[in-house]
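Peer 1: Dropping a prediction and its sequence here:
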Amino acid sequence: MIIDKNGKLFGKISIIDIFIIFVIIVAGIIIGIKINSSAVRTNLSEKTYSVRVSAIKPGSAEYINKGDELYDDKGSFLGTVEEVKVSEAKTVHKLDNGQYAEVENPERVDVDITIKGKGFESEGIFYLDGKVALLAGAERFFKGSKIDFDGKILEILD
């Protein structure tokens with residue numbers, strides 16, 4: 001018999017003892033993970049990057065302001081707005097002769113935003129808030145206190 005009448009495994013170790021050892025091992029693993037992740041967080045640095053929000057209504061652009069904190073859809077902190085530049089949106093339009101030309105769209109604006117975020121670098125990739133990869137060319141969702149928008153990361157400045 002594997003468990004005898006006294007509740008001992010192979011007549012030597014109590015099931016309760018095995019359970020206690022298991023709990024201690026799991027607790028040790030959890031503590032080790034917490035210590036390791038907090039060690040990574042102590043190596044935080046700041047990165048500044050630029051984002052373009054293309055062809056939005058001019059009234060919407062007014063809701064993006066210096067000092068705004070931006071988050072993604074999962075609540076990860078993406079940074080603080082450092083600078084906002086609004087310019088006329090341009091669109092590609094087909095002319096009567098079949099050629100294409102870039103023309104201004106008077107009903108829309110492009111917004112270039114400079115953002116400063118905190119995170120850490122691992123294997124050459126910077127992770128904002130320790131979770132969100134900061135990659136040039138990536139499209140990302142941003143949520144502020146008054147507006148949310150999709151923007152394209154143009155470049156990582158430092």
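Peer 2: Sure thing, it's come through. Numbering: from 1, shown residues only.
Peer 1: List the buried residues in stretch 67-83.
Peer 2: Buried residues in stretch 67-83, defined by neighbour count with 16 or more other Cβ atoms under 10 Å: Asp68, Leu70, Tyr71, Asp72, Ser76, Phe77, Leu78, Gly79, Thr80, Val81. Every C-beta, even on glycine, is put in place using the N, C-alpha and C of the backbone.
Peer 1: can you pull the buried residues of the biggest strand by length in the chain?
Peer 2: Secondary structure of the chain read by DSSP state E shows that its longest strand is strand 100-122. Across strand 100-122, burial judged by 16+ other Cβ under 10 Å covers Arg108, Val109, Asp110, Val111, Asp112, Ile113, Thr114, Ile115, Gly117, Lys118, Gly119, Phe120.
Peer 1: Among the buried residues of stretch 67-83, which ones are in strands?
Peer 2: Going by DSSP E, the strands hold Leu70, Tyr71, Phe77, Leu78, Gly79, Thr80, Val81 from the buried residues of stretch 67-83.
Peer 1: just checking, the first one touches Glu82?
Peer 2: No: shown here, Leu70 and Glu82 do not form a contact pair, counting by Cβ atoms under 8 Å, at 11.0 Å.
Peer 1: Quick check: neighbours shared by those two?
Peer 2: Listed as contacting both Leu70 and Glu82 by Cβ atoms under 8 Å, 6 or more residues apart in numbering are Ile115.
Peer 1: Am I right that Gly32 falls within a strand?
Peer 2: No: under DSSP: H, G, I helix; E, B strand; the rest coil, Gly32 sits outside any strand and is assigned helix.
Peer 1: partner strands of the longest strand of the chain, parallel or antiparallel?
Peer 2: Here strand 100-122 has these sheet partners by DSSP bridges: strand 45-56 (antiparallel), strand 77-94 (antiparallel), strand 125-128 (antiparallel).
Peer 1: Mind splitting this structure into its structural domains?
Peer 2: By the assignment in automatic domain parsing, the chain contains the domains 8-41, 45-156.
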